[in-house]
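Enquirer: this is a predicted model, with the sequence first.
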2 protein chains.
Amino acid sequence: MVRFQRKATASDKDKHIEAHFTASDLIKDIVIGMADGLTVPFALAAGLSGTLSNSNLVVVAGFAEIAAGSIAMGLGGYLAARTDHEHYMAELERERFEIVMYPEKERQEVADILHAWNLPDSAISQAVDTISKDPDRWIDFMMKHELGLEKPEPKRARNSSLTIGLSYIIGGIIPLAPYIMIARPEMALIISAVVTLLALFGFGYVKGRFTGSTPFKSAWQTMLVGGLAAGFAYLISKWIA
Amino acid sequence: MVRFQRKATASDKDKHIEAHFTASDLIKDIVIGMADGLTVPFALAAGLSGTLSNSNLVVVAGFAEIAAGSIAMGLGGYLAARTDHEHYMAELERERFEIVMYPEKERQEVADILHAWNLPDSAISQAVDTISKDPDRWIDFMMKHELGLEKPEPKRARNSSLTIGLSYIIGGIIPLAPYIMIARPEMALIISAVVTLLALFGFGYVKGRFTGSTPFKSAWQTMLVGGLAAGFAYLISKWIA
């Protein structure tokens, strides 16, 4: 399951395109969004439950955070992806211009890249000829190896941001549910903490499978971050109030 | 200023290492942390100011969020970077094992990668010989071009997470400051909104310079995300309370 850690190389162009539409990518986005949605609203509610006497206010604050956090993550992620795409297109145009206007300079750049890979000199000049014969391949080579830019996929980026934003909302409702049902915040906190820490453990486990980490280690770490965030929020709000 | 968008290629190994210790990287981390710290605590405080009658409670909730958010971002980012590093080291060991145990298979993989780059056949066999002569270069080539993994820098990742976490705290204090000084939340909200939206515009502008976007466009977008997050948080908390 290290597949998602890989950036596409020229050699797995086809696999790369295919992988971007698998169910696993969807699961990954859901896990990212939910893990964040579980963490911050949980920690905020836990923090406030030591200070506020009524669960209603905790719920109001929790949902205000969910609204803010989901928009910041979802819309923020979407706009960042759009910027990446525009940046890529602008650089693409520049390379297209450069191979027409300064072909010798660009040929030299191909040679420099191949040289850095320790290819033998005779192979380099032959390779430069082959690459620079086809403008599309040439531009593709420069984008990837001179600029280190992978072609972004705007549609995938948009869906991904939407999924993460929605999952943040769903994740955030879990730690708040006990406060909706139980009027005394201290009581609600206990149930919220048990449910959320278990959920964080589960999501951390799944997340570990997507990030090349040991699932159990990822599970413990995700739970730890949530627990520490809640603990600090609790102490800070006790201290200020 | 598109430098930060670039992933390192073999051809700029030295530049890459150097770039990772520039002041610009520090500024980038500060901008990321502060922009997030400005957005979510601002939106939460704005959301609550329509519901709570006392600024004190808004301040408590705001600081609880800052504690939770800075730990989630800072510690979460640090652990993610450590996971990347461990993953890289595990894959490195595997490649080291494979070039000893299955040299022919690994030579074929080098040839496949070069083939996908459209290098001429005669160049490929010569290049495979050169690359596979030096085990370190060979492993380096496989890590980069078969697995698409760049060597992570654990120290840089740790400092980066710490900087982002601390900047989140500083960023978050800006929108809360008016609530500390003004008892009526509606009044405080007006000043908080003006100051924060201006600050988001400024940070968005700087962020644009680091992400290859047009600075003014980035400025407007960053302000828009903050404004929408605050607006939705306000509506949600009015609706629930």
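Expert: The structure has been received and is ready for your questions.

Enquirer: list the helices and strands the longest helix along chain A packs on?
Expert: Longest helix in chain A by number of residues (criterion: DSSP state H): helix A:55-101. Secondary-structure packing of helix A:55-101 (3 or more Cβ pairs under 8 Å, 6 or more residues apart in numbering or on different chains; DSSP states H and E): helix A:23-49, helix A:103-116, helix A:135-141, helix A:154-181, helix A:185-210, helix B:23-49, helix B:55-101, helix B:215-240. From N, CA and C alone the C-beta is placed, and that goes for glycine too.

Enquirer: near chain B, anything from stretch A:214-226?
Expert: Yes - applying Cβ under 8 Å from any Cβ of the partner chain, one finds stretch A:214-226 touching chain B at A:S218, A:Q221, A:L224, A:V225, A:G226.

Enquirer: so what's the second one closest to, chain neighbours aside?
Expert: Distances taken as Cβ to Cβ, 6 or more residues apart in numbering or on different chains put B:L79 closest to A:Q221, at 5.0 Å, once the chain neighbours are dropped.

Enquirer: and that neighbour, how many neighbours?
Expert: The burial count assigned to B:L79 is 20, neighbours taken as other Cβ atoms under 10 Å in any protein chain shown.

Enquirer: before we move on, what about A:V194?
Expert: With other Cβ under 10 Å as criterion, A:V194 counts 11.

Enquirer: and it, how far from chain B?
Expert: From A:V194 across to chain B, the span is 18 Å (Cβ to the nearest Cβ, to the nearest Å).

Enquirer: farthest residue from the center of chain A?
Expert: A:S122 (42.6 Å; Cα atoms, centre = their mean).

Enquirer: check which helix or strand covers that residue.
Expert: Per DSSP states H and E: A:S122 is located in helix A:121-133.

Enquirer: may I see the buried residues of that helix?
Expert: A:A123, A:I124, A:Q126, A:A127, A:V128, A:T130, A:I131, A:S132 (16 or more other Cβ atoms under 10 Å in any protein chain shown).

Enquirer: what does stretch A:46-57 give?
Expert: A:A46, A:G47, A:L48, A:S49, A:G50, A:T51, A:L52, A:S55, A:N56, A:L57.

Enquirer: quick one: low-confidence parts of chain A?
Expert: Scanning chain A for pLDDT under 70 picks out A:1-23, A:117-118, A:211-212.

Enquirer: in space, what's closest to A:A233 - neighbours in sequence excluded?
Expert: That would be A:G47: by Cβ to Cβ, 6+ apart, it lies 2.9 Å from A:A233.

Enquirer: show me what contacts the residue most central in space within chain A?
Expert: Nearest to the geometric centre of chain A sits A:I32, at 7.0 Å (Cα atoms, centre = their mean). Shown in contact with A:I32 (Cβ atoms under 8 Å, 6 or more residues apart in numbering or on different chains): A:I164, A:S167, A:K207.

Enquirer: between the residues you listed, which is nearest A:I139?
Expert: Checking these against A:I139 with Cβ to Cβ, the nearest one is A:I164 at 31.7 Å.

Enquirer: correct me if wrong: the closest one contacts A:I71.
Expert: No - taking contacts as Cβ atoms under 8 Å, A:I164 lies outside contact range of A:I71: 11.4 Å.

Enquirer: and the spatially closest residue to A:I124 that is not a sequence neighbour, what does it touch?
Expert: Closest residue to A:I124 in three dimensions, ignoring its sequence neighbours and counting by Cβ to Cβ, 6+ apart: A:L114, at 4.7 Å. By Cβ under 8 Å, 6+ apart, the residues touching A:L114 are A:A123, A:I124, A:A127, A:V128.

Enquirer: residues touching the nearest residue to A:I173 once chain neighbours are set aside, list them.
Expert: Leaving out its chain neighbours, the residue that sits closest to A:I173 by Cβ to Cβ, 6+ apart is A:I66, at 7.4 Å. Residues near A:I66 by Cβ under 8 Å, 6+ apart: A:G37, A:P41, A:Y168, A:I169, A:G172, A:I173, A:L176, B:I236.

Enquirer: on that earlier part again, I figured the residue nearest to A:A233 hits B:A64, correct?
Expert: Yes - the pair A:G47 / B:A64 is scored as a contact, 3.3 Å apart, by Cβ under 8 Å.

Enquirer: which residues do those two both contact?
Expert: What both A:G47 and B:A64 touch, as defined by Cβ under 8 Å, 6+ apart, is the set A:A233, A:Y234, A:I236, A:S237.

Enquirer: how far away from the center of its chain is the helix holding A:S122?
Expert: 38 Å (Cα atoms, centre = their mean, to the nearest Å).
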